[in-house]
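Chemist: coords please:
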Amino acid sequence: MMQDQKQRAMQAIHKELVAFHVSPLYEERIQSGMQPVIGEGSLQARVVFIGEAPGKKEALSGRPFCGASGKVLDQLLEESDLAREDVYITNIVKDRPPNNRDPKPEEITLYGPFLDRQLFIIQPQIIATLGRFSMEYILRRYGLEDQLRSISEAHGVAHTAITDFGPVCILPLYHPAVAVYNRKRFDELLTDMQLLNSFYSH
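Modeler: Next up, the predicted model:
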């Protein structure tokens, strides 16, 4: 898919999400003056990072990972020699759940097809899931349910999945929020993030 085709396809997703009134999160978004958070980065990215849902800062700005967790993610990327503009960053759920609660299963089911389309547009070589919700969704989506473990067991363990656009490496990672709440865990997150280099370079 050419760059201009990818841009048009992403714009179509954005337009649909802006008017996504079937979502239980739509009214909350409209009443609070927030935006859906589609994602940002390179549409030619070899690595796509997937979180769970936007927080308040993200929903106000329309940008993923621009709050406290985003600062941790930026630092992890920088120390792993990955430029934010060269990767693509998104979430499963595109609207903010009230009070930053966890996304509900029905919300993940509702928004998941938009993420599937984004992945098909970008066709990354690596999918890095951030936290348990995106890990569970992606492993189930690509038929790897038998590989599901708790995030404490699964982080840093790579899997290969066969997708509609070819083989993909799936690497579950902790959500950057882990280091927001406990800075001592930053090095653990960094060790996992740096594993990407071994896959990214091939």
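Chemist: quick one, what contacts the closest residue to L25 other than its chain neighbours?
Modeler: Computed as Cβ to Cβ, 6 or more residues apart in numbering, the closest residue to L25 that is not its neighbour in sequence is D95, at 3.8 Å. To be clear about C-beta, it is placed using only N, CA and C from the backbone, and glycine gets the same treatment. Applying Cβ atoms under 8 Å, 6 or more residues apart in numbering to D95 gives the contacts 17, 20, 23, 25-26, 28-29, 34, 36-37, 53-54, 59, 111.
Chemist: residues contacting the residue lying farthest from the centre of the chain?
Modeler: In the chain, the residue that sits farthest from the middle, by Cα atoms, centre = their mean, is Q31; the gap is 25.2 Å. Going by Cβ under 8 Å, 6+ apart, Q31 touches no other residue.
Chemist: mind listing the helices for this structure?
Modeler: Secondary structure of the chain (DSSP state H): helices at 3-18, 26-32, 56-61, 68-79, 105-122, 132-141, 151-154, 177-181, 186-194, 196-200.
Chemist: and the third one, which residues are buried?
Modeler: In other words, helix 56-61. Within helix 56-61, the residues that count as buried by 16 or more other Cβ atoms under 10 Å are 57-60.
Chemist: So which of those is the closest to K184?
Modeler: K57 (24.1 Å; Cβ to Cβ).
Chemist: measure the closest one to C66 for me?
Modeler: Distance from K57 to C66, counting by Cβ to Cβ, to the nearest Å: 6 Å.
Chemist: circling back to that earlier point, who wins for proximity to T90 among the helices of the chain?
Modeler: helix 105-122 (6.1 Å).
Chemist: For the closest one, which helices and strands make contact with it?
Modeler: Packing partners of helix 105-122 (3 or more Cβ pairs under 8 Å, 6 or more residues apart in numbering; DSSP states H and E): helix 3-18, strand 47-51, strand 88-91, helix 132-141.
Chemist: Write a PyMOL command that selects only the buried members of the contacts of D95.
Modeler: A single PyMOL command selects the buried members of the contacts of D95 (16+ other Cβ under 10 Å):
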select buried, resi 17+20+23+25+26+29+34+36+37+53+54+59+111
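Chemist: Adding pLDDT and distance to F186, write the contacts of D95 out as TSV.
Modeler: Output for the contacts of D95, formatted as TSV (pLDDT from 0 to 100; distance: Cβ to Cβ, whole Å):
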residue	pLDDT	distance to F186
L17	98	32
F20	98	35
S23	97	34
L25	97	31
Y26	97	36
E28	92	32
R29	95	32
M34	96	29
P36	97	30
V37	98	24
A53	97	23
P54	97	22
A59	96	25
Y111	98	29
